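Asker: turn this into a structure:
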Amino acid sequence: MSLKIIHTADWHLGQTFFGYDREEEHDAFLNWLVDTLAEQQTDVLLIAGDVFDVTNPSAGAQRRFYRFLREANRLNPGLQIVIIAGNHDSAIRLEAPNPLLEELNTSIVGIVGRTDSGEIDLASLVVPLRNRAGEREALCLAVPFLRQGDYPAVPEGEPDSYVAGIGRMYRRLYAYADARRNPGEAIVALGHL
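Answerer: Just a heads-up that it's a prediction; the model follows:
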């Protein structure tokens, strides 16, 4: 495997800290990250949730995020970005621009989708990771912050708890991806817990 992956999480764009505006800090971090992605010729950037600090982020925080995505792609063509929603993010708001962001090789998984029969849409939670030549080298289990009802129902006779439900979800998703990976491909788990 030759994929160069950088993993980040918990940006909390738009956060104020005891009344202190953190825009300057966020700008410094995002500028550093854009430069690092380009310098390292990174193949994949993983962002494990809490992109924003609140579910209804300010227009400035959203502009900062989308500007970052544009610049990261402009300075590192071919960069793939995979983002999942955290507990601070609005899952549906984060996913809303997916049709546009696909043009920037960016995938956002905010919600756990369901099939027409009501089953968890496992395929929507697996993102192929590709190298610069476009060859698939890994599968990413892109699991957003799970809320009650997002994970598989408890089998009869087993104890039901949030932690057990999360475990069931990851085991089921791993088995799904493992059955679909090619020889030599890695499985990368990305989750916000």
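Asker: from now on I want contacts and neighbour counts done on CA atoms only, so please keep to that.
Answerer: Fine.
Asker: now do the helices in the chain.
Answerer: Per DSSP state H, the chain carries helices over the ranges 23-39, 59-75, 91-95, 98-101, 162-178.
Asker: what's the closest of these to residue 107?
Answerer: With Cα to Cα as the criterion, residue 107 lies closest to helix 98-101 of the helices of the chain, at 6.7 Å.
Asker: one step back: please identify the most buried of the helices of the chain.
Answerer: Stretch with highest mean neighbour count among the helices of the chain: helix 91-95 (a mean of 18; mean count of other Cα atoms under 10 Å).
Asker: mind listing residues that contact it?
Answerer: 85, 108-111 (Cα atoms under 8 Å, 6 or more residues apart in numbering).
Asker: residue most distant from the centroid, this structure?
Answerer: What lies farthest from the middle of the chain is residue 157; by Cα atoms, centre = their mean that is 33.6 Å.
Asker: would you list the helices of the chain in CSV and tack on distance to residue 116 and mean pLDDT?
Answerer: Formatted as CSV, the helices of the chain follow (distance: least, Cα to Cα, whole Å; pLDDT from 0 to 100):
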stretch, distance to residue 116, mean pLDDT
helix 23-39, 39, 95
helix 59-75, 32, 94
helix 91-95, 19, 91
helix 98-101, 21, 90
helix 162-178, 18, 90
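Asker: nearest to residue 49 among those helices would be which one?
Answerer: helix 91-95 (9.6 Å).
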